[in-house]
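Student: Just need the structure, nothing else, for what follows:
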Amino acid sequence: MVRLSRAETQERNRAKVLAAARDEFAEQGFRDAKIDVIAERAELTRGAVYSNFPGKRALYFAVLAELAERSAGAPHAAPGETLQGALGALARARVAAFPLDEDQAGLARDLMPEVLADEHVRRPFAQLAKLNGLLLGLALERLDPPERPSGSPIPRRVRLAETVLTTLHGAGQLAATAPGLVEPFDVVSACERLAGLAFNDWWAPPVIAPTAQAADRPWSPPGAVDLVRAEPFVPGDGVVVVLGTHRLAAAEEAVRASGGDVAVVAVTSDPDELVPLTRLIVAEVCGGLRQAFPESSWPRVRVVCDATGTLAAAAGVLAVSDETEAAIRVDRGRIVATADGRGAGHAVSGEVSRVDSA
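Tutor: All right, here's what the predicted structure looks like:
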């Protein structure tokens, strides 16, 4: 009999807890599920459950994140080649996950009540929703670039993306609350028709931003997992913006100013709950995005959950919180500019663009 290492044993126990918790949450719902019952289902002690997950909500978010990431890798049909086609494909991928009856609705039904009940979760959720709108908007812009008249602001498709995600989110909540009420084909048709609406959407740069500081030091980041593409990733040249879960919407400032590759490093003071929440919310949109859009239209933004703060530390951010906002610019493997505070991503992008053009 092969003896497992301590790390292997812990990983096996974690998997057993997640599987047991998934069944318990599906049958009882989040509120009525019991840690003691989950431990019994997993054939572990109560202490073994808590050694892997510090609380029931952290475990619940982890279960939902695992399921979302697994379903995001499922086989898919051909992506759309137009705005209407891509949005229709995205909607079809999303409604395919809607619960069809009471039994299927049980697992996810308590997510939004938990989000709404606690500001600690609600603020990150709102920022993640904004980040998802940006990611989908960038994919729409790459698929069908909006025209920009000379001298006009940068046009966007973010408001279109947010409207589509609002439609899908609302339909998903109704499907979970009242299974059978939502007609999936109507939801798909509605999202396709949204492609034809004109939103007069454009991006305005921040009014105030810190001054970028010139730097010259090596960039040696650890490997991570890009949540947008669901693949291993090592941040290279471009902008790296480190954002707490209360500041994730600021990613757009770096994206618009740099016009190039941006790595968003999400950090938090509560990784046990907010890291799986981040994985869950991003997977819900990016899984469908990868199915609905040709790869050439996927956003160039990468999103990384930095649970331990290791990647942030490599960028020079040694202490992180949910309010963190800092950025670096990397060129040929060296950090050439840094900034800290509101507008940091815009600052390093603009500063280096100015230096490069000089």
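
Student: burial of Gln127, as a residue count?
Tutor: Counted with other CB atoms under 10 Å, residues neighbouring Gln127 total 23. Just so you know, the C-beta spots here come from the backbone N, C-alpha and C atoms, and that holds for glycine as well.

Student: Quick check: which element contains it?
Tutor: Using DSSP states H and E, the element containing Gln127 is helix 119-143.

Student: Give the other helices and strands that that helix contacts.
Tutor: Under the contact criterion of 3 or more CB pairs under 8 Å, 6 or more residues apart in numbering; DSSP states H and E, helix 119-143 touches helix 83-95, helix 111-117, helix 158-177, helix 251-258, helix 271-292, strand 301-305.

Student: Would you mind getting the angle between it and helix 158-177?
Tutor: Helix 119-143 and helix 158-177 are oriented at 130 degrees to each other (axes from the mean of the first three to the mean of the last three CA atoms, to 10 degrees).

Student: Return the list of strands paired to the following helix or strand past helix 119-143, each annotated with direction.
Tutor: With elements assigned by DSSP H and E, the helix or strand that comes after helix 119-143 is strand 154-155. Strand 154-155 has the following sheet partners, assigned by DSSP bridges: strand 202-203 (antiparallel).

Student: ok, now which ones touch the spatially most central residue of the chain?
Tutor: Central residue of the chain (CA atoms, centre = their mean): Val282, 2.6 Å from the mean position. Val282 makes contact with Leu128, Leu131, Asn132, Leu135, Leu227, Val228, Val303, according to CB atoms under 8 Å, 6 or more residues apart in numbering.

Student: For the residues you listed, work out which two are farthest apart.
Tutor: The two members of the contacts of Val282 with the most space between them (CB to CB) are Leu128 and Val228, at 13.0 Å.

Student: just checking, Arg290 touches Ala72?
Tutor: Yes. Using CB atoms under 8 Å, Arg290 is in contact with Ala72, at 7.1 Å.

Student: Mind listing the shared neighbours of the two?
Tutor: Common contacts of Arg290 and Ala72 (CB under 8 Å, 6+ apart): Ala230.

Student: give me the beta-bridge partners of Ala339?
Tutor: For Ala339, the beta-bridge partners are Ala327 (DSSP bridges).

Student: that older thread, redo the helices and strands packed on helix 119-143 as CSV? Include mean pLDDT.
Tutor: CSV is the format used below for the helices and strands packed on helix 119-143 (pLDDT from 0 to 100):
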stretch, mean pLDDT
helix 83-95, 94
helix 111-117, 92
helix 158-177, 93
helix 251-258, 94
helix 271-292, 95
strand 301-305, 97
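
Student: Brilliant, that's me finished.
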